[in-house]
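In: Got a predicted model here, sequence first, then my questions.
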Amino acid sequence: MVLNSIADKQTPIIEGFLVPNTKEDLLEFLSLALPIGSKQFSWSEKFTHAADIKLSKTYKAKAQQCIMKARIAFVNDIELLNQIKNYSIQLGFN
């Protein structure tokens, strides 16, 4: 119950977090979001870890926004795009 309350407070903060503009900030956010957003849950954990699942989905959605922005804003930065591609794969995006 307490974890759900915490997740309910954290989720809108993450959703409202502005997508970073610099490549360093984009990579920093992705490195923080990766462990949470890529977490896998078993069938039984879906009932007992609702707060963790909610946070994971929120971080994953924000990470996807960061990846999309990086691909558009830094189209000529091959090194960054390779790093972004690795994050994208690890998070399960195309």
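Out: Everything's here; your move.
In: Can you check which helix is longest in the protein?
Out: helix 50-73 (DSSP state H).
In: Lowest average confidence across helices and strands of this structure, where is it?
Out: Within the chain, no helix or strand scores below helix 45-48, which has a mean of 73 by mean pLDDT, DSSP states H and E.
In: Which positions within that one qualify as buried?
Out: Going by neighbour count (16 or more other CB atoms under 10 Å), nothing in helix 45-48 comes out as buried. For glycine as for every other residue, the C-beta is placed from the backbone atoms N, C-alpha and C.
In: Convert the C-alpha atoms of the helix or strand S88 falls within to PDB, please.
Out: If you go by DSSP states H and E, S88 is part of helix 78-91. Coordinates of each C-alpha in helix 78-91 appear next as PDB, following Å, rounded to 0.1, in the frame of the first residue of the first chain:
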ATOM      1  CA  ILE A  78      27.000   8.800 -35.300                       C
ATOM      2  CA  GLU A  79      28.700   8.000 -32.000                       C
ATOM      3  CA  LEU A  80      25.700   9.200 -30.000                       C
ATOM      4  CA  LEU A  81      23.300   7.400 -32.300                       C
ATOM      5  CA  ASN A  82      25.100   4.200 -31.700                       C
ATOM      6  CA  GLN A  83      24.800   4.700 -27.900                       C
ATOM      7  CA  ILE A  84      21.100   5.500 -28.300                       C
ATOM      8  CA  LYS A  85      20.700   2.400 -30.400                       C
ATOM      9  CA  ASN A  86      22.100   0.300 -27.600                       C
ATOM     10  CA  TYR A  87      19.800   1.800 -25.100                       C
ATOM     11  CA  SER A  88      16.900   1.300 -27.400                       C
ATOM     12  CA  ILE A  89      17.700  -2.400 -27.800                       C
ATOM     13  CA  GLN A  90      18.100  -2.900 -24.100                       C
ATOM     14  CA  LEU A  91      14.800  -1.200 -23.400                       C
END
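In: Check the secondary structure at N76 for me.
Out: Assigned state for N76: coil (three-state reduction, DSSP: H, G, I helix; E, B strand; the rest coil).
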